[in-house]
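>>> give me a 3D structure for the following:
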Amino acid sequence: MKRFPTPSAILPGLSLCLAVAASGLALERMEIALIGARPLESLVFAILLGIALRSGIRLPASFDTGITFSAHFILECAIVLLGASISIGAIGAAGPMLVAAIASVVLLSIAVSFTIGRLFGLSPKLAFLVAFGNSICGNSAIAASAPVVGAEPEDVAASIAFTAVLGVVAVLLMPLLSIALKLSAVQYGVFAGLTVYAVPQVLAATAPIGAVSLQTGTLVKLIRVLMLGPLLFVVGLVRGASGQRISLRHMLPWFIVGFAVMVMLRSAGALPDRLLPRLSDLSTLCTTVAMAGLGLSVDVRSLRKSGGRVVLAAFASLLALCGISLTMIAALGIM
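Next up, the predicted model:
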């Protein structure tokens, strides 16, 4: 059994990660103050700052344990807390046909995006991260799936950094695309909910079109996010069963159990409403600290090797997701 590090070993690296995370949060607030929006989230700033530090100076070896602790254990805690933001009550509101269609789009998108990633020469783990992020919820899905598949910090950093930029571009272009394609408010809401990466980005992409698009897009997006837990469980199950030794820890990681418990508690109304925003903020903080740890684990030279391929693969995957989503909208006759 793996030995848990001592607090004294964790403290130097953890303190550095907290400082980098705080800087990322400060930059996000500056963004909001200057332009009234946050096209780049704090976790993206944190991972970029971490990469810059790791690549620019030689960190003492005493920082390594705390950095690893932040990039793994704190990330797993963030995944558990993320479950409190999801309620399965949204499924009943959408109807079984739409839910089945959303699930089909997500599964097909993962398969197509993974294939595209491999065709562009990405490693299997990196292709999976790009596919998972593209198909479910961007950075959050990448961060959540990384420990399940045992992804390298370089792969996580590359997929998050370049997918984040692509997500911002998508938010800016999606409203124009809805006009060009002459989509109705409901059609565009479904389209944005299926294709835009993060929930805040869905709000930003649909708000210019109107309240109907915003409400529809948010509902579709939440159902899409709801698939994160079950799919991570399946991935863990397959990964554990594919090795020479079938480990319960691989098939059912503790943080996936915690995620499911939090979803059930939220859905049953066992979590007070006043507590939900605090849990969401804590999840964001933990994710930002974890991304700082991942950034501090990455040498920028490793990103240069795969950067161009990741951008092309992510862009091609997003185009494929758009095509799949429009096909589904037409097939269901959504007006």
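>>> show me what contacts the closest residue to residue 72 other than its chain neighbours?
Distances taken as Cβ to Cβ, 6 or more residues apart in numbering put residue 147 closest to residue 72, at 6.2 Å, once the chain neighbours are dropped. All C-beta atoms are positioned from the backbone trio N, CA, C, and that covers glycine. Taking Cβ atoms under 8 Å, 6 or more residues apart in numbering as the contact definition, residue 147 lies against 72, 75, 76, 253, 255.
>>> and of the residues you listed, the nearest to residue 207?
residue 75 (30.3 Å; Cβ to Cβ).
>>> can I assume the closest one is in contact with residue 143?
Yes - contact criterion Cβ atoms under 8 Å: residue 75 and residue 143 qualify, at 6.0 Å.
>>> residues in contact with residue 19?
Residue 19 touches nothing, counting by Cβ under 8 Å, 6+ apart.
>>> on the pLDDT front, check it for me.
Model confidence at residue 19, expressed as pLDDT, equals 96.
>>> tell me how far it lies from residue 38.
Per Cβ to Cβ, to the nearest Å, residue 19 is found 21 Å from residue 38.
>>> quick one: which of the contacts of residue 147 has the most company?
Of all these, the highest neighbour tally under other Cβ atoms under 10 Å goes to residue 75, namely 23 neighbours.
>>> quick one: distance of stretch 163-181 to the chain centre.
18 Å (Cα atoms, centre = their mean, to the nearest Å).
>>> list the buried residues in it.
Residues 163, 164, 166, 167, 168, 170, 171, 174, 175, 177, 178 are the ones in stretch 163-181 that count as buried (16 or more other Cβ atoms under 10 Å).
>>> for the fourth one, which non-adjacent residue is spatially closest?
Among residues not flanking residue 167 along the chain, residue 197 sits closest, at 4.2 Å (Cβ to Cβ, 6+ apart).
>>> in this structure the one you found contacts residue 163, no?
Yes - proximity of residue 197 to residue 163 meets the contact threshold set by Cβ under 8 Å, at 6.9 Å.
>>> pull up the overlap in contacts between these two.
With Cβ under 8 Å, 6+ apart, residue 197 and residue 163 have common neighbours 133, 134, 138, 139.
>>> the last one against residue 40, yeah?
No - under the criterion of Cβ under 8 Å, residue 139 lies out of contact with residue 40, with a separation of 10.4 Å.
>>> looking at those two, which one has more neighbours?
A count of neighbours by other Cβ under 10 Å puts residue 139 above the other of residue 139 and residue 40, at 23 against 17.
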